[in-house]
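Asks: please find the sequence and the predicted model below.
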Amino acid sequence: MRGGTGQGPTLCRRMRWSRSLRVAAVVLTALALVPAGAHVLALPNKIGLPQASCFIVQGICAGWWIGGLAWAAALAANAAPALVLRHRGEPWGAAAMAAILLALAFAVFFGFTEPANHATASWTDAAPDWKALRQRWEWSHATNAVVILAALACTSRAATERGRD
């Protein structure tokens, strides 16, 4: 009767592990939202800038690749509870949806954002279609902010769902 469950120390450890995974998923997903949200907040001020100003402002994004590490960690942290909970017969759909949405964010990034970064040498080279590339780049970040916010809502739901605990 350790831990008040009446089912022994193994169940208590599993319950704590499950809760720890859920909390980690929420925190990491929130961290993944930070850079995407910053892009959305800057979008109205950046979208109409002339090329010279645009390229100067884009310099502040140097090193933001580190935000991708938060995305990867959030994806893993959401996939883990989805897999663990599914095998335990607990609610796992919201955690799985969060992982799917974070995978979608990667697809948007590699399908739209990264090609614009590559075509402009990370916004140091004015490609002939730089305006179209900037539009694609800005709106792909805005799309990802919405996708990651939805993932945060899903992982928050997964963290608060009650199963057999």
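Replies: That came through, no problem.

Asks: can we go C-alpha only for contacts and neighbour counts from here?
Replies: Fine.

Asks: contacts for stretch 100-118?
Replies: With Cα atoms under 8 Å, 6 or more residues apart in numbering as the test, stretch 100-118 has contacts from 71, 74-75, 122-123, 133-134, 136-138, 140-141, 143-144, 147-148, 150-151.

Asks: right, I mislabeled it, should have said stretch 21-30
Replies: Residues outside stretch 21-30 that contact it (Cα under 8 Å, 6+ apart): 70-71, 73-75, 77-78, 80-81, 148, 151-152, 155-156, 158-159.

Asks: and which of those residues is nearest A36?
Replies: I148 (8.0 Å; Cα to Cα).

Asks: check contacts around that closest one.
Replies: 29, 32-33, 101-102, 105.

Asks: please apply the same query to G68.
Replies: Applying Cα under 8 Å, 6+ apart, we find G68 in contact with A32.

Asks: any idea which helix or strand comes after the host helix or strand of it?
Replies: Secondary structure from DSSP states H and E places G68 in helix 66-88. Using DSSP H and E, the helix or strand that follows helix 66-88 towards the C-terminus is helix 93-108.

Asks: quick one: buried residues of the helix holding G68?
Replies: Neighbour counts using 16 or more other Cα atoms under 10 Å place 67, 70-82, 84-85 of helix 66-88 among the buried residues.

Asks: report pLDDT for S122.
Replies: Predicted confidence (pLDDT) for S122: 88.

Asks: which SSE is immediately downstream of the helix ranked longest in the chain?
Replies: As assigned by DSSP state H, the longest helix anywhere in the chain is helix 9-46. Helices and strands here follow DSSP H and E; after helix 9-46, the next one along the chain is helix 51-58.

Asks: between the lowest-mean-pLDDT helix or strand in the chain and helix 51-58, how many degrees?
Replies: Lowest on mean pLDDT, DSSP states H and E among the helices and strands of the chain sits helix 9-46, with a mean of 83. Note on geometry: by axes from the mean of the first three to the mean of the last three Cα atoms, to 10 degrees, helix 9-46 and helix 51-58 are set 160 degrees apart in direction.
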